[in-house]
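Asker: Structural data only, the sequence is not supplied:
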């Protein structure tokens, strides 16, 4: 426990199920919470992390040494209710300095009832989690007895036994209203040309904003909405959102995805990626400590471009479980031999050197191509179905926070929907028009308005304009169709 000069120094204790204990001081709301302890390596974006529904059931450790130094702005909040259980930091800033800051992070945490601890050696804690893996923990300002708190951690409900998606999803069908009014230089939403239904498994508002900015009128539905009700809305595409917990517990979603495959274009992010995999019969495994941060390198095997991505997941698909693999096996096996890995194993990095990505022959849905690979550990980061219109990525392209390298994926979704329309809504994507082959640099600048003297007024006009799809239907009519 480190010393602190802050006026409020209420003791707090973090106890792990393996018996490790860390003493510090409260920097949020008083109380006691339990959850799976994990860590996020992002230097910025702490408010987006705290308000991300994907962290339901977890106590999050931020690895950057000082958190809260640019304060809190409600525009950055990703969901109305906070789902994470607790927050662990090395040092909490109580006097932020930023022109957008409306209040300090400790004030926000106390107001929202989030238990938090500071003053512990987060480097030592993260090294421990890196070696031992994510585990159950209890954070308390009330019970400071180590023996007692460790016992509570060992009896806490494991993350894999709870359906957290059911807790964070909305209860009713709702049209989504664009809220991203603070973005610097962006021109706002374009004319809505697509009617998209989004499954809410714990969706971030910035992801929905990304869909709207790509030209989608979005209707959000609960996590377990029957496929026939979704199809009755006559969508041009269906989006599968991010969300918390074990994908095996979310049968209410992937059972519907199984029925939607081949009937409408699908795009999945994070848990949505896993839902597509589960619908196709893929195996899902729990990662030792997960991917949580804003600097994970991922290669797009279609373009051979490397993206710096934002990630937040503790589970991963096993690509080989989708079916027997075909592709440039000779090159992949040679690279695997030199690197000491296996071209047919879970480390997919040998395929980054192959002329063509591997394809899994799935018994139900035909060919599934590997499209993205994590360059740190070789896990699958993206895939696309070649015989039905569907694709997904394990990471977050919305850049809230993080790099904008992957925002082209929203454009890719619109291109897939265009191809589906062109094919008469009865065939897979046209092979001659690769919807994932998008120049990242050009797409990143699309829709931005730098250096204009009328920037503020232009943006205001766009944000206040009625979003009208092509044809005679209004945005409201698209939602109600």
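Answerer: Cool, the structure landed. Quantities reported herein were computed from a predicted structural model and do not represent experimental measurements.

Asker: can we go C-alpha only for contacts and neighbour counts from here?
Answerer: Noted.

Asker: tell me the secondary structure for residue 210?
Answerer: Here residue 210 takes the helix state, with states given by DSSP: H, G, I helix; E, B strand; the rest coil.

Asker: End to end on stretch 35-54, go ahead and measure it.
Answerer: 13 Å (Cα to Cα, to the nearest Å).

Asker: If you could redo that for stretch 243-258, that was the one I meant.
Answerer: End-to-end distance for stretch 243-258, by Cα to Cα: 18 Å.

Asker: who's in contact with that stretch?
Answerer: Residues from elsewhere that reach stretch 243-258, judged by Cα atoms under 8 Å, 6 or more residues apart in numbering: 53-57, 159-165, 201-203, 223-227, 270-272, 274-276, 278-280, 284, 314-315.

Asker: what's the answer for stretch 161-173, then?
Answerer: 53, 56-57, 83, 200-203, 219-223, 243-246, 249-250.

Asker: let's see it at 10 Å
Answerer: Identification of contacts with stretch 161-173 by Cα atoms under 10 Å, 6 or more residues apart in numbering yields 53-57, 79, 81-83, 197-203, 219-225, 242-253, 271.

Asker: Pull up the distance across that stretch, start to finish.
Answerer: 27 Å.

Asker: tell me which residues in it are buried?
Answerer: 162-166, 168-170 (16 or more other Cα atoms under 10 Å).

Asker: Could you export the residues you listed as TSV, including distance to residue 46 and pLDDT?
Answerer: Shown next, in TSV, are these (distance: Cα to Cα, whole Å; pLDDT from 0 to 100):
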residue	distance to residue 46	pLDDT
162	25	97
163	25	98
164	21	98
165	22	98
166	24	97
168	19	98
169	22	98
170	24	97
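
Asker: Just those residues: which are in helices?
Answerer: Using DSSP state H, the members of those that fall in helices are 164-166, 168.

Asker: Can you tell me which of these is nearest residue 29?
Answerer: The closest of these to residue 29 turns out to be residue 168 (Cα to Cα; 21.2 Å).

Asker: now that closest one: how far from residue 244?
Answerer: 8 Å.

Asker: Kindly report the same for residue 358.
Answerer: 29 Å.

Asker: more crowded one of those two?
Answerer: A count of neighbours by other Cα atoms under 10 Å puts residue 244 above the other of residue 358 and residue 244, at 32 against 27.

Asker: And the strands in the stretch 201-350 of the chain, which stretches?
Answerer: Here the stretch 201-350 of the chain has its strands, by DSSP state E, counting those that start in this stretch, at 216-222, 237-240, 266-269, 283-300, 305-318, 324-326.

Asker: a markdown table for the ones in helices among the buried residues of stretch 161-173, including distance to residue 94?
Answerer: As requested, those are exported to a markdown table (distance: Cα to Cα, whole Å):
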| residue | distance to residue 94 |
| --- | --- |
| 164 | 32 |
| 165 | 33 |
| 166 | 35 |
| 168 | 30 |
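
Asker: give the contact list for the residue lying closest to residue 272 once chain neighbours are set aside.
Answerer: With sequence-adjacent residues excluded and distances taken as Cα to Cα, 6 or more residues apart in numbering, residue 272 is closest to residue 240, at 4.4 Å. Applying Cα under 10 Å, 6+ apart to residue 240 gives the contacts 197-201, 203, 223, 253-254, 257, 266-276, 392.
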